[in-house]
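**Student:** Here's my sequence, what's the structure:
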Amino acid sequence: MVSKIEVDALSGASSAGVMTVVGEGGSTTTSLQQGLAKMWHRSSDAASPTDSFNVSGGTDNGTGDFTYAFTNNMSNANFGQAHIINDTNAGSINSSAQATSSTRINIINGDGSAARDRINAGQLHGDLA
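**Tutor:** Numbering: from 1, shown residues only. Here you go, the predicted model:
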């Protein structure tokens, strides 16, 4: 027998903004809201998102210098983020500026010698405004 639950919204019983689930071991709980990615993207080498969530657009500020704007702002600029380069060559991505409405990254060669345009992807976690 297949069970199905259909709802339009879930809310915590004691606090509307907090939902917890039991962790894998069964002895701790995890906040459902805190565990969700608040933004993710996969973008071209010109900062144009090819697929995304909570990204209103990308800006190519120059070679390897991209800004991604959020559709819904973060509550502060202290969010955690991770980005990757879709490339076989060594390199790195540095976060050069975080704001409540966007994040700016720089893609550089493995030896740090120059910026470069590359397909990239990223995600961030934190609190939405």
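**Student:** Out of the helices and strands in the protein, which is least certain?
**Tutor:** strand 29-31 (a mean of 80; mean pLDDT, DSSP states H and E).
**Student:** Burial check on the closest residue to V22 other than its chain neighbours, number of neighbours?
**Tutor:** Residue nearest to V22 in three dimensions, not counting chain neighbours: T29, with 5.8 Å by Cβ to Cβ, 6 or more residues apart in numbering. For every residue, glycine as well, the C-beta is placed using N, CA and C. Applying other Cβ atoms under 10 Å, we find 11 residues neighbouring T29.
**Student:** Contact partners for T29?
**Tutor:** 20-23 (Cβ atoms under 8 Å, 6 or more residues apart in numbering).
**Student:** go again using 10 Å as the cut-off
**Tutor:** By Cβ atoms under 10 Å, 6 or more residues apart in numbering, the residues touching T29 are 19-23.
**Student:** circling back to that earlier point, adjacent strands (with direction) for the least confident helix or strand of the chain?
**Tutor:** strand 20-22 (antiparallel) (DSSP bridges).
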